[in-house]
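*Asks:* Have a look at this prediction, sequence included:
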Amino acid sequence: MPSFKIFDIVGSGLSAQSVRLNTVASNLANADSVSGDPSTVYKARHPVFQAVQAAVNQTMGNAAASAMDRASGTSVRVAGIVQSNAPATERYDPGNPLADEHGNVYAPNVNVIEEMTDMISASRAYQDNVEVLNTSKDLMLATLKLGS
């Protein structure tokens, strides 16, 4: 495994968690919005992550290269952002200017508690990736000092 591959892996993790935090922020920002039509109301969004394996090094034997690739060449990427299929929440609010003919408004399918939990989880995963980055940097610097 090349020495700097760890930075690529950690960087992909940082990027993925940043997207996760941004989608949570978007969901929370729109949690209190309402609409008069259930088809136009905001729908919660969630990122979909995908593991990406690096290409197998052709200079090594197939068994050794594939074992090394599985052990060290995996990173993560955001495959896309999907909208929730959960139905909008119907609320009776005849005084709202957006209310339909029955006096109902429709709120997004955003669960604030789940979003806050997801935000804490993403934040901690981001912090863990930063810690791995700092530890790797410190270990590489210590290795360079061994030669002097």
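*Replies:* Received it, and whenever you're ready, just let me know what you need.

*Asks:* all contacts plus neighbour counts: C-alpha atoms, from now on.
*Replies:* Will do.

*Asks:* got any ranges where the chain has weak pLDDT?
*Replies:* Low-confidence segments of the chain (pLDDT under 70): 1-3, 55-73, 148.

*Asks:* For Asn109, see how far away the spatially most central residue of the chain is.
*Replies:* Centrality entry for the chain: nearest residue to the mean C-alpha point is Arg20, 2.9 Å, by C-alpha atoms, centre = their mean. Distance, Arg20 to Asn109, using C-alpha to C-alpha, to the nearest Å: 18 Å.

*Asks:* now swap in Val52 and tell me
*Replies:* Distance, Val52 to Asn109, by C-alpha to C-alpha: 31 Å.

*Asks:* and what of Arg124?
*Replies:* Following C-alpha to C-alpha, the distance that separates Arg124 from Asn109 is 25 Å.

*Asks:* What residues of the lengthiest helix in the chain count as buried?
*Replies:* Assignment by DSSP state H gives helix 112-146 as the longest helix of the chain. Buried positions in helix 112-146, judged by neighbour count with 16 or more other C-alpha atoms under 10 Å: 115, 119, 122-123, 125-126, 129-130, 133, 136.

*Asks:* all strands for the chain, in order.
*Replies:* Ranges of strands within the chain are 45-53, 74-83, 89-92, 104-107, based on DSSP state E.

*Asks:* Next, the angle strand 45-53 makes with the second one.
*Replies:* Read that as strand 74-83. Using axes from the mean of the first three to the mean of the last three C-alpha atoms, to 10 degrees, the inter-axis angle of strand 74-83 relative to strand 45-53 is 160 degrees.
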